[in-house]
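A.B. asks: Following is a predicted model, sequence given first.
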Amino acid sequence: MALYHSPLYQDALAQLEMAAEIMSADPNIIERLKYPKRAIQVSIPIRLDDGSVKTFEGYRVQHNQTLGPGKGGIRFHPHVDLSETTALAMLMTFKCALVGLPLGGAKGGVRVDPNELSRQELQSLTRRYAMEIGPFVGPDKDIPAPDIGTDRQTMAWFMDTYSQIHGYASHGVVTGKPISVGGSLGREAATGKGVAYCVNFAYEKLNQKIDNHTTVAIHGFGKVGVPAAFDLYEQGAKIVAVSDYTGALYREDGLNVHDIAEFAKERHVLKDYKADGVKHITNEELLALEVDVLIPAAIDSVITKENMETVKAKMIAEGANGPLTKDAVTYLSERDVFIIPDILCNAGGVIVSYFEWVQGLAHFFWDEDQINKTLHNILQKAFAEVVEKADLHKCDMKKAAMIAAISKLEAAMKLRGLFPG
C-alpha cells in the first residue's frame, strides 16, 4: 500500500471504507476492492524532431473487471504517476457499477506535457504507448478513452496502431474516436451534458427550477466545463465565472460563454480574454464565489481542508474526478451544501463511451437524440438510487453513491466467487 501515496488514492480508499462501514459490507469484498487487479508500467522511447531519443513513463491500471472489460481514459499530463492512475481506475470501477454498465474500472496515462511536443512527436508517443500496453487491452479486455491531454485524434492513432498489429480495423478497442472512424454522436459533450442533467435532477429534488436567477461558477472551462455551461446557459442560468489554469473570468450579470469558448478554441488562454464588464480573478477567488452552483470540472483536490471554509456555493457538482477531498466533503455536507458526487455527476462520458463501444461491436450507429435520451434516463435512474441510499442510511450523497456502487459490486463478486477458491 505504500506505493499508493497520492491524496486522491487515499481519499478513494477512505470513501470505500466509510461506505463499507455504513452499509455493513462483506469485509472480504472490501479487502479485494482496495487493490487493483493489474498495474502495468511501461517505458516509451520516441525519437524527437531534433533527432534525439527521449523515454517517457506510461501506465495502465485495471482495478476490477467483475462486471466486464476495463473502461477508463488515457491521461497525458506531467503529474501522471502510478498512484494517481490507480485511484482513477478505482473510481471508474465504482462509476461503472453505479450507473449499471457491464464494465470494470481502468485508467491509463503518460507522464508528459503534451503542449511541449509536436504533432508528430505526440503521434509517435501515442503509437508506442499503444504498442506497449497492447497485450493488455482490446474490445473484450480493456477499452481506453480520452482524458486530460488527449482527444479524438489520440484515440484514432491508438485505434489504428492496434488495428495494424491485428490486421483488421478494430473499432471497439477505444472510444472517444472521430465519427469517421467509428466514433459516436454525442460523445464529446457527454460528460458535461451529464453534469448539467445531474444539476437539473438536484434542483428537482430540492423543488427548485433553474432560471435566470440561477448563478453558476465553473472551475475548468474545458471538455467538461464548456458543454455543461452551454446546457445550463440555454436553460437561462447565469454563468458568472469560468476559468482555466491561467486564471478566471467573472461578470456579475453573466458571461457570454459561447464567445469565450470560441476564444479558447483558438488556443488562447483566458487571462488574455477581454470584454465589457468582465473582470479577471484567480481560481481561488472563483471557488469562493457566492453562487447557487459551483462546478469544479478541472482536476482533483481543488477544494481541500485549506480552502473549504471559503466555499459559499449552495450546490457543488463534481465535474472532475475527486475535486473535493474527504475533509472538504464532510465539512461542506455538514453545512447543508448539496454535493453531487463525481462517480454520478461526471458519469456521462463513460455512459456514452459504452454506447460507442456497443455501436462499434454491432456496426450499427444511433442518432444523437437517442443517445442523449438514453444518457438522461440512465443518469436519472442512478440519481434516484443515490437519493434512496442517502435517505435509507441517513448519509450525504457522496457516501450514498459509494454505497450504491459497492452494493452492486458486492452482489456480483459473491456470485462469481473467488478463484481458485
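C.D. replies: Nice, thanks for sending it over.
A.B. asks: Point out where this protein drops to low pLDDT.
C.D. replies: In the prediction, the chain carries residues with pLDDT under 70 at positions 1-4.
A.B. asks: so where's the longest strand in it?
C.D. replies: strand 53-64 (DSSP state E).
A.B. asks: how about the strands in this structure?
C.D. replies: In the chain, the segments counted as strands under DSSP E are 38-47, 53-64, 70-77, 104-111, 142-146, 215-219, 238-244, 247-250, 279-281, 293-296, 315-317, 338-340.
A.B. asks: so residue 30 makes contact with residue 18?
C.D. replies: No - using C-beta atoms under 8 Å, residue 30 is not in contact with residue 18; the gap is 10.9 Å. To be clear about C-beta, it is placed using only N, CA and C from the backbone, and glycine gets the same treatment.
A.B. asks: Just read off the phi/psi values of the nearest residue to residue 153 once chain neighbours are set aside.
C.D. replies: Distances taken as C-beta to C-beta, 6 or more residues apart in numbering place residue 178 nearest to residue 153, at 7.4 Å, with adjacent residues excluded. As for residue 178, its main-chain torsions (degrees, to the nearest 10) stand at phi -60, psi 150.
A.B. asks: same thing with residue 321?
C.D. replies: phi -90, psi 120.
A.B. asks: contacting residues for it?
C.D. replies: Residues in contact with residue 321 (C-beta atoms under 8 Å, 6 or more residues apart in numbering) are 8, 88, 91, 300, 342, 346.
A.B. asks: if we can go back for a sec, could you identify which of the strands of the chain is most buried?
C.D. replies: Ranked by mean neighbour count, the strands of the chain are led by strand 293-296 with a mean of 30 (mean count of other C-beta atoms under 10 Å).
A.B. asks: Restrict that one to CA atoms and write it as PDB.
C.D. replies: What follows is strand 293-296, C-alpha atoms only, in PDB (Å, rounded to 0.1, in the frame of the first residue of the first chain):
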ATOM      1  CA  VAL A 293     -24.000  26.100  -8.300                       C
ATOM      2  CA  LEU A 294     -20.200  25.500  -8.300                       C
ATOM      3  CA  ILE A 295     -18.900  23.100 -10.900                       C
ATOM      4  CA  PRO A 296     -15.200  22.000 -10.300                       C
END
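A.B. asks: what's next to it, contact-wise?
C.D. replies: 195, 199, 214-220, 225, 228, 232, 237, 287, 302-303, 311, 313-320, 323-324.
A.B. asks: before we move on, what about stretch 40-52?
C.D. replies: 53-61, 82, 110, 117-118, 120-121, 124-125, 128-129, 132-133, 136.
A.B. asks: What are the boundaries of the helices in the stretch 101-250 of the chain?
C.D. replies: For the stretch 101-250 of the chain, the helices defined by DSSP state H, counting those that start in this stretch occupy 119-133, 152-166, 190-205, 225-234.
A.B. asks: can you redo these as TSV with distance to residue 351 and mean neighbour count?
C.D. replies: Converted to TSV, these look like this (distance: least, C-beta to C-beta, whole Å; neighbours: other C-beta atoms under 10 Å):
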stretch	distance to residue 351	mean neighbour count
helix 119-133	24	19
helix 152-166	17	20
helix 190-205	7	24
helix 225-234	14	23
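A.B. asks: among the ones you listed, which is nearest residue 249?
C.D. replies: Closest to residue 249 of these is helix 225-234 (C-beta to C-beta; 11.6 Å).
A.B. asks: what inclination does the closest one have with respect to strand 215-219?
C.D. replies: 170 degrees (axes from the mean of the first three to the mean of the last three C-alpha atoms, to 10 degrees).
A.B. asks: packing partners for helix 225-234?
C.D. replies: Applying 3 or more C-beta pairs under 8 Å, 6 or more residues apart in numbering; DSSP states H and E, we find helix 225-234 packed against helix 190-205, strand 215-219, strand 238-244, helix 257-265, strand 293-296.
A.B. asks: most remote residue from this protein's center?
C.D. replies: Distance from the C-alpha centroid of the chain, by C-alpha atoms, centre = their mean, peaks at residue 51 (36.0 Å).
A.B. asks: So that residue versus residue 121, what's the distance?
C.D. replies: 12 Å (C-beta to C-beta, to the nearest Å).
A.B. asks: related to what we said a few turns ago, just put the strands of the chain in a markdown table and tack on distance to residue 365.
C.D. replies: Shown next, in a markdown table, are the strands of the chain (distance: least, C-beta to C-beta, whole Å):
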| stretch | distance to residue 365 |
| --- | --- |
| strand 38-47 | 32 |
| strand 53-64 | 28 |
| strand 70-77 | 19 |
| strand 104-111 | 25 |
| strand 142-146 | 17 |
| strand 215-219 | 31 |
| strand 238-244 | 32 |
| strand 247-250 | 38 |
| strand 279-281 | 43 |
| strand 293-296 | 30 |
| strand 315-317 | 30 |
| strand 338-340 | 30 |
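A.B. asks: Contact partners for residue 84?
C.D. replies: Residue 84 touches 6, 8, 9, 109, 300, counting by C-beta under 8 Å, 6+ apart.
A.B. asks: Tabulate those residues (a markdown table), appending distance to residue 255.
C.D. replies: As requested, those are exported to a markdown table (distance: C-beta to C-beta, whole Å):
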| residue | distance to residue 255 |
| --- | --- |
| 6 | 33 |
| 8 | 30 |
| 9 | 35 |
| 109 | 32 |
| 300 | 25 |
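A.B. asks: burial of the residue nearest to residue 226 when sequence neighbours are not counted, as a residue count?
C.D. replies: Spatial nearest neighbour of residue 226, chain neighbours left out: residue 261 (5.2 Å); criterion: C-beta to C-beta, 6+ apart. Using other C-beta atoms under 10 Å, residue 261 is surrounded by 17 other residues.
A.B. asks: Once you drop chain neighbours, what's closest to residue 288?
C.D. replies: Leaving out its chain neighbours, the residue that sits closest to residue 288 by C-beta to C-beta, 6+ apart is residue 310, at 4.1 Å.
A.B. asks: Check the burial of the one you found by counting its neighbours.
C.D. replies: 12.
A.B. asks: Just the C-alpha atoms of the longest strand of the chain, please, in PDB.
C.D. replies: Taking Å, rounded to 0.1, in the frame of the first residue of the first chain, the C-alpha atoms of strand 53-64 are listed here in PDB:
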ATOM      1  CA  VAL A  53      15.600   9.900 -28.200                       C
ATOM      2  CA  LYS A  54      13.600  10.600 -25.100                       C
ATOM      3  CA  THR A  55      11.900   8.000 -22.900                       C
ATOM      4  CA  PHE A  56       8.600   8.700 -21.100                       C
ATOM      5  CA  GLU A  57       6.900   6.700 -18.400                       C
ATOM      6  CA  GLY A  58       3.500   5.200 -19.100                       C
ATOM      7  CA  TYR A  59       0.900   3.300 -17.000                       C
ATOM      8  CA  ARG A  60      -2.300   1.300 -17.400                       C
ATOM      9  CA  VAL A  61      -4.200   0.100 -14.300                       C
ATOM     10  CA  GLN A  62      -7.100  -2.300 -14.300                       C
ATOM     11  CA  HIS A  63      -8.700  -2.100 -10.900                       C
ATOM     12  CA  ASN A  64     -11.600  -4.500 -11.200                       C
END
